[in-house]
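Visitor: Let's see this in three dimensions:
(one chain, ligands or ions: 1)
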Amino acid sequence: MIPRNEVHIWSARLDQSARTLDQMRSTLSTDEQVRANRFHFERDREHFIIARGLLRTILATYVDAEPAQINFSYSAYGKPALTTNPSSLSFNLSHSHGHCLLAVVSGRQVGVDIEMLRDDLAHEEIAERYFSPREASRFRALPKQLYTAAFFNCWTRKEAFVKAHGKGLSLGLDQFDVSFVPGEPARLEYVQEPLNLSNWSLSDIHVGDRYAAAVVVEGPACLVHSREWPLPV
Ligand SMILES: CC(C)(COP(=O)(O)OP(=O)(O)OC[C@H]1O[C@@H](n2cnc3c(N)ncnc32)[C@H](O)[C@@H]1OP(=O)(O)O)[C@@H](O)C(=O)NCCC(=O)NCCS
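Guide: Residues are numbered from 1 along each chain as shown. Okay, here's the model as predicted:
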């Protein structure tokens, strides 16, 4: 069981041994195996299998089931949820360049996002196009050496919010503002109606220097408990 005031963050590398890959593959449902087979590149297929298998393996420990017995249903926007869910667990998964994060909470919605930091993007153009007007103008005013960190702070915080809400990118990234200047605390600063600012809480997750990551939970702020998978034996 997870206390209502906690969010559990599981962090894992997606490059795993052939044995772990086989073990994870054996837990997947038929539709997940079909999805895995559609990937063009073997590495993407393996990462999908590990992430899905891991999702099943970790959720199984919370609901006292076997990983292969877990059944998922999907919202109209593709957000997965547990089909049978007596303890009201919610979860959300994100992966980026070989790393995956899983957030698990009880009795409220959750969204998580991880991105690898990249210098080779047109940060300013993407900010103009996707951030809110207020965020875009604050971004432009930053010194250029802060662009990469600020951009990925903003992007992961915004994605975590739209994933918690459940609409994903259909929500419109310009409907709300987040903080993003490096060194400032992570917070939601403004949301357009009918969204309600006090319904959501945002926290950063530290996954090392190469990644930015954030989690949004419904309701008041939670204690963030971070764990690595596999747990040390
Ligand atoms: C969800 C979304 C923001 C993911 O962004 P991303 O940075 O590319 O991917 P991430 O690795 O962070 O997250 C992917 C995971 O989020 C979860 N997810 C999928 N849809 C989601 C949604 N609407 N809300 C929250 N989580 C979602 C899944 O677990 C998915 O993992 P999987 O690909 O292994 O199944 C983006 O795909 C999106 O906006 N989807 C909605 C699409 C939509 O509106 N579809 C309409 C019906 S087709």
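Visitor: From now on I want contacts and neighbour counts done on CA atoms only, so please keep to that.
Guide: Fine.
Visitor: Quick check: nearest residue in space to F176, chain neighbours excluded?
Guide: V191 (4.2 Å; CA to CA, 6 or more residues apart in numbering).
Visitor: Am I right that that neighbour is in contact with D174?
Guide: No. Contact criterion CA atoms under 8 Å: V191 and D174 do not qualify, at 9.2 Å.
Visitor: Name the residues of the protein found near the ligand, please.
Guide: Contact residues, the chain versus the ligand (CA under 6 Å from any ligand atom): 48, 76-80, 92-95, 113, 159, 163-164, 166-170.
Visitor: taking those residues one by one, which sit in strands?
Guide: By the criterion of DSSP state E, membership of the residues of the chain next to the ligand in strands covers P80, N92, L93, S94, H95, D113.
Visitor: neighbours around the last one, how many?
Guide: Around D113 there are 30 other residues, counting by other CA atoms under 10 Å.
Visitor: ok, now which ones touch it?
Guide: Contact partners of D113, counting by CA atoms under 8 Å, 6 or more residues apart in numbering, are L93, S94, H95, L101, T156, R157, E159, A160, A213, A214, V215.
Visitor: Which residues does the fourth one form beta bridges with?
Guide: Going back to what we said before, that points to L101. L101 has these beta-bridge partners by DSSP bridges: S11, S94.
Visitor: hang on, it packs against F91?
Guide: No. If you go by CA under 8 Å, L101 and F91 don't touch, sitting 10.4 Å apart.
Visitor: Neighbour count for those two, which is higher?
Guide: Neighbour count, other CA under 10 Å: between L101 and F91, L101 has more, with 28 against 24.
Visitor: OK, contacts around the more buried one?
Guide: Taking CA under 8 Å, 6+ apart, we find L101 in contact with I9, W10, S11, A12, L93, S94, H95, V112, D113, I114.
Visitor: and it, how far is that from I58?
Guide: Separation of L101 from I58 (CA to CA, to the nearest Å): 12 Å.
Visitor: What pLDDT does the model give K167?
Guide: Confidence at K167, expressed as pLDDT, is 89.
Visitor: Let me see the ranges of the helices in the chain.
Guide: Applying DSSP state H to the chain gives helices spanning 18-25, 30-37, 42-63, 123-130, 133-140, 147-165.
Visitor: These into CSV, with extra columns for mean neighbour count?
Guide: Below are these laid out as CSV (neighbours: other CA atoms under 10 Å):
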stretch, mean neighbour count
helix 18-25, 15
helix 30-37, 14
helix 42-63, 19
helix 123-130, 15
helix 133-140, 17
helix 147-165, 24
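Visitor: State the number of residues packed around V178.
Guide: 22.
Visitor: Which residue is the nearest non-sequential neighbour of it?
Guide: That would be L188: by CA to CA, 6+ apart, it lies 4.5 Å from V178.
Visitor: For the residue nearest in space to the middle of the chain, give me its contacts.
Guide: In the chain, the centroid-proximal residue (CA atoms, centre = their mean) is V112; its distance is 2.4 Å. With contact taken as CA under 8 Å, 6+ apart, V112 is in contact with 92-94, 101-103, 156, 159-161, 163-164, 213-216.
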